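K.L.:
take this sequence and fold it.
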Amino acid sequence: MKYFAYGSNMDINDLLQWCKTRKLSLSQFELTGTAYIEGFRLSFNHYSKERQGGVANIMPQHDPDNSDIRTYGLLFEIDNQTRDIIRKKEGYPQDYGEIELCVHLANGTTVKAMTYKVQKKMETVSEQKPTEYYLGLILSNARKNHFPQYYLSFLESFDRQVK
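P.N.:
As a prediction, this is how the structure comes out:
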C-alpha cells in the first residue's frame, strides 16, 4: 500500500531508532519518491509529550486567492506489518487518524495513498513550537529530497523551541 509521510516519518533513521527501542522491525518501507498533497497546509498544532514539542499535522486549507496550497513529503510503499508499526508510532486512533488522499509525484502521476492527520480533539488552537531536533528531521529530509525552495523557506520560518 502507498503511504505519504510529511513529518518525522520521512526520516528512516529516526523511524528505525523508534522501532529499535520497542523491539519492532519494519518489513517493507520502500521510498517511491518526493510527492505533495494539495489543499492541506503543514501545521504544528499538536503537542507530543514524547517529542516534548509540537509535531507535524496537516490542516485543510481553502484559500480562493492561493490555489497552490501544498504539503510536500515522501511517498513510500509499505505492507500491513509496517502499517501497524506506523499506526502504533502515530498513536492511532487516539492521536492521529488515517485518511486516504490523492498524492502527486514529481513525474506528474497522481496516486491514492494513506497518511495520518491529528484527530480534531487533539489539535491545539495555536501552533506548538517543535524542538530543533524534530524540525531538523523534516528539514534535512526536505533538502535531501529536493523539495522546492519556497517550501524549504516555509519550513525554516517555523519558530522552534530553544533549549
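K.L.:
count of neighbours near T21?
P.N.:
8 (other CB atoms under 10 Å). From N, CA and C alone the C-beta is placed, and that goes for glycine too.
K.L.:
mind starting the numbering at 2 from now?
P.N.:
Got it, first residue is 2 now, which makes that one T22.
K.L.:
what pLDDT does it get?
P.N.:
pLDDT for T22: 97.
K.L.:
which helix of the chain spans the most residues?
P.N.:
Selection of the longest helix in the chain by residue count, based on DSSP state H, yields helix 133-145.
K.L.:
could I get the buried residue list for whatever helix or strand comes next after it?
P.N.:
Downstream of helix 133-145, the next assigned helix or strand under DSSP states H and E is helix 150-157. For helix 150-157, burial by neighbour count (16 or more other CB atoms under 10 Å) applies to F155.
K.L.:
let me see the ranges of the strands in this protein.
P.N.:
Taking DSSP state E as the test, the strands found in the chain are 3-6, 30-39, 41-49, 54-61, 71-79, 97-106, 111-119.
K.L.:
go through the ones you listed and name the closest to K130.
P.N.:
strand 54-61 (5.5 Å; CB to CB).
K.L.:
quick revisit: can the strands of the chain go into TSV with extra columns for mean neighbour count and distance to R144?
P.N.:
What follows is those, written out as TSV (neighbours: other CB atoms under 10 Å; distance: least, CB to CB, whole Å):
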stretch	mean neighbour count	distance to R144
strand 3-6	23	16
strand 30-39	17	11
strand 41-49	19	15
strand 54-61	21	16
strand 71-79	22	11
strand 97-106	16	19
strand 111-119	19	21
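K.L.:
so who does the nearest residue to Q129 once chain neighbours are set aside touch?
P.N.:
Nearest residue to Q129 in three dimensions, chain neighbours excluded: G55, at 3.0 Å (CB to CB, 6 or more residues apart in numbering). With contact taken as CB atoms under 8 Å, 6 or more residues apart in numbering, G55 is in contact with F45, N46, H47, Y48, S49, E128, Q129, K130, P131, Y135.
K.L.:
let me have the strands of the chain in CSV, extended by mean pLDDT.
P.N.:
What follows is the strands of the chain, written out as CSV (pLDDT from 0 to 100):
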stretch, mean pLDDT
strand 3-6, 98
strand 30-39, 97
strand 41-49, 97
strand 54-61, 97
strand 71-79, 98
strand 97-106, 98
strand 111-119, 98
